[in-house]
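**Q** Sharing a model that was predicted from the sequence below.
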Amino acid sequence: MAQALLEGTKLRLVFEVGMDEDGKSILRAKTFSNVKKEATVEQFSQAAQAITVLCKDTLNKVERNDSSEIIA
């Protein structure tokens, strides 16, 4: 039976930095590595809000990216 071992977690913040000539949002992302694997959704939200206060752009979304090793 295969198992998945969580190796790492990253916090990715996507910001809206402007609009293009067609009226579509221009998005830019910033990724933070070495996030504690045990971090809760609430802790991710708090970290995102704290970082967003320091940025001039509007936060579009917050993502949690986990990577796992699959052991067969």
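**A** Now that the structure is in, tell me what you want to look at. Computed from a predicted model, the values in this text were never measured in an experiment.

**Q** For the residue nearest the centre of the chain, give me its contacts.
**A** Relative to the mean C-alpha position of the chain, the nearest C-alpha, by CA atoms, centre = their mean, is the one of R12, at 1.9 Å. Taking CB atoms under 8 Å, 6 or more residues apart in numbering as the criterion, R12 is in contact with 29-32, 62-65. Any C-beta I mention is one placed from the backbone N, CA and C, and that applies to glycine too.

**Q** Using JSON lines, lay out the residues you listed together with pLDDT.
**A** Formatted as JSON lines, these follow (pLDDT from 0 to 100):
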{"residue": "A29", "pLDDT": "97"}
{"residue": "K30", "pLDDT": "96"}
{"residue": "T31", "pLDDT": "97"}
{"residue": "F32", "pLDDT": "96"}
{"residue": "V62", "pLDDT": "96"}
{"residue": "E63", "pLDDT": "97"}
{"residue": "R64", "pLDDT": "96"}
{"residue": "N65", "pLDDT": "96"}
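
**Q** and stretch 36-53, C-alpha only, in CSV?
**A** As requested, the backbone C-alpha atoms of stretch 36-53 are provided in CSV (Å, rounded to 0.1, in the frame of the first residue of the first chain):
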residue,chain,number,x,y,z
LYS,A,36,5.8,25.0,9.0
LYS,A,37,4.0,21.8,7.7
GLU,A,38,1.8,21.9,10.8
ALA,A,39,0.4,25.4,10.1
THR,A,40,-3.3,25.7,10.2
VAL,A,41,-5.6,27.5,7.7
GLU,A,42,-6.1,30.3,10.3
GLN,A,43,-2.3,30.7,10.6
PHE,A,44,-2.0,30.9,6.8
SER,A,45,-4.7,33.5,6.7
GLN,A,46,-3.1,35.6,9.5
ALA,A,47,0.3,35.4,7.8
ALA,A,48,-1.2,36.5,4.4
GLN,A,49,-3.0,39.4,6.0
ALA,A,50,0.2,40.5,7.8
ILE,A,51,2.2,40.4,4.6
THR,A,52,-0.5,42.1,2.6
VAL,A,53,-0.4,45.2,4.9
